[in-house]
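Engineer: need the 3D shape of this:
(one chain, ligands or ions: 1)
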Amino acid sequence: MGNVTRGTTNPNRLRRMDRWIVATHGAELRRVADPVAVDLGYGAAPWTAVELLHRLRGAAPRTRVVGVEIEPARVTAALPYEREGLRFRHGGFEIPVSGRPVLVRAANVLRQYDESEVAGVWQRLCARLAPADPATGSRGGLLVEGTCDEIGRRHVWVALGPEGPRTVTFATRLASLDRPSDLAERLPKALIHRNVPGEPVHAFLRDFDRAWAAAAPYASYGARQRWIRAVHALSTDWPVTDRPVRWRQGEVTVRWEALAPRA
Ligand SMILES: C[S@@+](CC[C@H](N)C(=O)[O-])C[C@H]1O[C@@H](n2cnc3c(N)ncnc32)[C@H](O)[C@@H]1O
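Structural biologist: Below is the predicted model:
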């Protein structure tokens with residue numbers, strides 16, 4: 001279910017997203033006896049699925065990864081890369097795997113769809129996630145849906161649980177950043193058309209740029225110190241959910257409700 005779109009991908013392109021998934025979702029992957037993670041729309045070559053397997057197994061050694069692609073020739077091309085714990089399947093948003101995945105990652109997939117389709121796709125994918133289990137404290141599976149540039153220097157993604165959207169994460173290579181609003185061109189489909197005055201994501205990026213400008217004196221200690229300072233200032237007015245240990249990586253995560261488009 002879905003449309004074939006351009007297959008652009010690159011080795012190591014999704015390292016920032018993988019790193020964040022391991023840090024925030026590794027415990028959920030470890031909790032399950034047979035954790036399945038789906039790399040949905042892996043593209044013309046299966047690099048991102050192979051890398052996802054390695055990175056997730058570093059944190060949760062029982063994890064299996066299934067790469068799902070809607071373009072059949074891309075599935076055929078990926079088959080030689082199958083190995084223990086890694087399979088490739090033809091399919092789309094219905095997610096042709098048995099059971100409920102603990103992770104679905106869809107990177108650079110929805111950007112080529114219409115904005116009006118996003119809510120329906122999110123709903124469909126969230127319904128496929130492993131459910132929350134209050135008895136064990138599990139919050140359930142995670143859908144990570146977002147966009148980045150060709151070599152993964154600038155990334156923005158939304159994380160959703162079975163109940164719906166949770167957070168938005170901005171992640172960047174700090175050395176090549178002029179200002180935080182440089183990330184606007186990588187906003188996921190749900191937000192990219194909303195970066196206009198009157199919309200929360202526009203106000204957020206404006207405030208982030210101001211905090212970045214005010215933190216300019218810290219640039220002499222390096223871009224990382226400047227980013228940490230700017231995010232710290234930003235967190236007085238915006239619901240930042242993560243801590244300096246993540247900010248050091250050139251990341252910041254904010255509650256979805258604060259950036260969600262106005263109705
Ligand atoms: C731009 S590539 C992204 C590749 C990789 N995820 C990355 O970020 O480097 C998008 C891929 O998503 C696939 N795709 C689009 N819609 C899909 C769907 N509904 N289900 C599975 N794959 C889909 C396209 O065929 C294309 O190969």
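Engineer: average pLDDT for stretch 212-222?
Structural biologist: Averaging pLDDT along stretch 212-222 yields 97.
Engineer: just the buried residues of it, please?
Structural biologist: Buried residues in stretch 212-222, counted by 16 or more other CB atoms under 10 Å: 212, 215, 218. Heads up, the C-betas are built off the backbone N, CA and C, glycines and all.
Engineer: which residues touch the last one?
Structural biologist: If a contact means CB atoms under 8 Å, 6 or more residues apart in numbering, then residue 218 has 225, 226, 228, 229 as its contacts.
Engineer: quick check: residue 59 touching residue 29?
Structural biologist: Yes: counting by CB atoms under 8 Å, residue 59 does reach residue 29; the two are 6.5 Å apart.
Engineer: which one of these two is surrounded by more residues?
Structural biologist: Between residue 59 and residue 29, residue 29 has the larger neighbour count (other CB atoms under 10 Å), namely 23 against 15.
Engineer: tell me which element that one falls in.
Structural biologist: Assigned by DSSP states H and E, residue 29 belongs to helix 15-31.
Engineer: and the next helix or strand past that helix?
Structural biologist: strand 36-40.
Engineer: that next one pairs with which strands, parallel or anti?
Structural biologist: strand 64-69 (parallel), strand 103-107 (parallel) (DSSP bridges).
Engineer: off-centre distance for that strand?
Structural biologist: Chain-centre distance of strand 36-40: 13 Å, with CA atoms, centre = their mean, to the nearest Å.
Engineer: tell me which stretches of the stretch 51-200 of the chain form strands.
Structural biologist: For the stretch 51-200 of the chain, the strands defined by DSSP state E, counting those that start in this stretch occupy 64-69, 86-90, 103-107, 142-148, 154-161, 164-172.
Engineer: could you export these as JSON lines, including mean neighbour count and distance to the ligand?
Structural biologist: What follows is those, written out as JSON lines (neighbours: other CB atoms under 10 Å; distance: least, CB to the nearest ligand atom, whole Å):
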{"stretch": "strand 64-69", "mean neighbour count": "25", "distance to the ligand": "5"}
{"stretch": "strand 86-90", "mean neighbour count": "17", "distance to the ligand": "9"}
{"stretch": "strand 103-107", "mean neighbour count": "26", "distance to the ligand": "4"}
{"stretch": "strand 142-148", "mean neighbour count": "25", "distance to the ligand": "7"}
{"stretch": "strand 154-161", "mean neighbour count": "23", "distance to the ligand": "10"}
{"stretch": "strand 164-172", "mean neighbour count": "21", "distance to the ligand": "14"}
